[in-house]
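Colleague: Quick one, structure for this:
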Amino acid sequence: MTIPGELDKVPIKVVPIYLKPVEEPEPLEPEIVVEPEPTDAPRRSIPLVGALSLLAAVAAAVLTGVGVAVASAGAYDAGTVIAWISIVLSSLAVLGGLVAAVAGWGRPWGVVAVIVGLGSNPWLLATVLGALAA
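Modeller: Prediction:
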């Protein structure tokens, strides 16, 4: 027998606990996912408007230089006609460059066309230089 209070000599009975094994659920059939086919692939925009605007701006700059050279040589009527052609061409270049920059049809070309077109407009150059001289 044991003396009451002594725990060292208490018989311990171990009762194993049996757990039911977890049953794995039966695999479900895989879900069929149908992805819609792309209707139109994203297309890269053609920078045609911006490139044409830049070409017009460069042509206007060349015509402005030719017009100044012709007028300096004494042919004022021919210089005036060339200046008006350059004014129209540079205005079209600026408008086309703005459209290209806003619509994304050759945005970098359009921005450069606006800058070159503004710098090659003879009327704008005469106005700005006249205001700076006064």
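
Colleague: Does residue 53 touch residue 101 like I think?
Modeller: No. Residue 53 is beyond contact range of residue 101, at 9.1 Å (criterion: C-beta atoms under 8 Å). To be clear about C-beta, it is placed using only N, CA and C from the backbone, and glycine gets the same treatment.

Colleague: who touches both of the two?
Modeller: Contact with both residue 53 and residue 101 is made by residues 110, 114, according to C-beta atoms under 8 Å, 6 or more residues apart in numbering.

Colleague: of the two, who's got more company?
Modeller: Taking other C-beta atoms under 10 Å, residue 53 and residue 101 do not tie; residue 53 has more neighbours (31 against 21).

Colleague: and the host helix or strand of that one, what other elements does it pack with?
Modeller: Assessed by DSSP states H and E, residue 53 sits inside helix 48-72. In this structure, helix 48-72 packs against helix 76-103, helix 107-119, helix 122-133, with contacts taken as 3 or more C-beta pairs under 8 Å, 6 or more residues apart in numbering; DSSP states H and E.

Colleague: Since that was my last question, I'll sign off now.
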